[in-house]
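> show me how the following folds:
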Amino acid sequence: MNERGIIIYKNIKGKKVFIEEQHQYVLKHWIDYYKRELFLPVLITLDQHTDTLLAFRYYCCDKCENTGHTYDFDKANQMAIDMLQDSNIDDLSFIKKLNNDEHIDFATKKGIISKAFVISFECVDDKYDPENDKIYYIPKDFYNKYLGMAQDNNYERILSDNCIEDDDLSICLNEIPVDYHPNYILDIDLDFFRTAKSINPNKKEDSPHRYMLGDYRIY
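Take a look at the predicted model:
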């Protein structure tokens, strides 16, 4: 038990699984992994949202002077950049100042992970330069283009039901433009599962991606 509630740790088939109540608290496990390994891990994240907002922005917006409900975003952004630069990963108190959608930005900019690959229902159209960019989003048109899904009234339901089915997830994983084996972290936000069927995929034991889990699963 901790101040935020319960953290659950499991060892499943030799893989370490951590479940945190608030997403930003996975950073303490990522930092531990980073300190123990010889190579920077790659992050693969499955999430309803991209969770890649500027680290400390929410905290700094709340601290900035404002008129009514209009924040000084330029001032807040600069404060957030300064806080990120001054943060020491050996002192985990910084986590309390992060919002639950800012941990990936923090991890990539502090060099805790080398690159992040985001599989999200709120995907974006940002172009990706493998040499320079650290966060890659599955393109917005990916699902209907590569999975052959027409965006009709059933689109969202089918997409949700099949989110970790063998064929669908394998296609998404194959879209990752760098070799991420064997040193990577799998990060899953439970809001990625939006239907009862999504947590009961057809194949559960013999699928290749069931074992593509590196050393850690962190939820």
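
> outline the domain layout of this protein.
Using automatic domain parsing, the domain parsing of the chain gives 8-53+100-218, 54-98.

> may I see those domains organised as TSV, with mean pLDDT added?
Shown next, in TSV, are these (pLDDT from 0 to 100):
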stretch	mean pLDDT
domain 8-53+100-218	80
domain 54-98	85
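
> to what extent is residue 181 buried, counted in neighbours?
By the criterion of other C-beta atoms under 10 Å, residue 181 has 8 neighbours. From N, CA and C alone the C-beta is placed, and that goes for glycine too.

> please apply the same query to residue 162.
With other C-beta under 10 Å as criterion, residue 162 counts 20.

> where does the residue nearest the centre of the chain land in three-state SS?
The chain has residue 45 as the residue nearest its centroid, 3.7 Å off, counting by C-alpha atoms, centre = their mean. Under DSSP: H, G, I helix; E, B strand; the rest coil, residue 45 falls in the strand class.

> helix, strand, or coil at residue 105?
At residue 105, secondary structure determined by three-state DSSP is helix.

> other SSEs contacting the longest helix anywhere in the chain?
Counting residues, the longest helix found in the chain (DSSP state H) is helix 73-86. The contact analysis (3 or more C-beta pairs under 8 Å, 6 or more residues apart in numbering; DSSP states H and E) places helix 73-86 against helix 57-63.

> so how far is residue 87 from residue 178?
Applying C-beta to C-beta, to the nearest Å, the value for residue 178 to residue 87 is 26 Å.

> more neighbours: which of these two?
Using other C-beta under 10 Å, the more surrounded residue of residue 178 and residue 87 is residue 87, with 20 against 10.

> excluding its backbone neighbours, what's nearest the more buried one?
Computed as C-beta to C-beta, 6 or more residues apart in numbering, the closest residue to residue 87 that is not its neighbour in sequence is residue 94, at 4.5 Å.

> contact partners for that neighbour?
By C-beta atoms under 8 Å, 6 or more residues apart in numbering, the residues touching residue 94 are 83, 87-88.

> residue contacts, residue 98?
By C-beta under 8 Å, 6+ apart, residue 98 lies in contact with 24, 27, 55-56, 59, 106.

> in this structure residue 77 contacts residue 54, no?
Yes - using C-beta atoms under 8 Å, residue 77 is in contact with residue 54, at 6.5 Å.

> have a look at those two and say which one is more surrounded.
residue 54 (19 against 16).

> how much space separates the more buried one from residue 31?
Relative to residue 31, and taking C-beta to C-beta, residue 54 is found at 19 Å.

> what pairs with the nearest residue to residue 189 once chain neighbours are set aside across the strands?
Sequence neighbours aside, residue 47 is the residue nearest to residue 189 in space, at 4.1 Å (criterion: C-beta to C-beta, 6+ apart). As for beta bridges, residue 47 partners with residue 120 under DSSP bridges.
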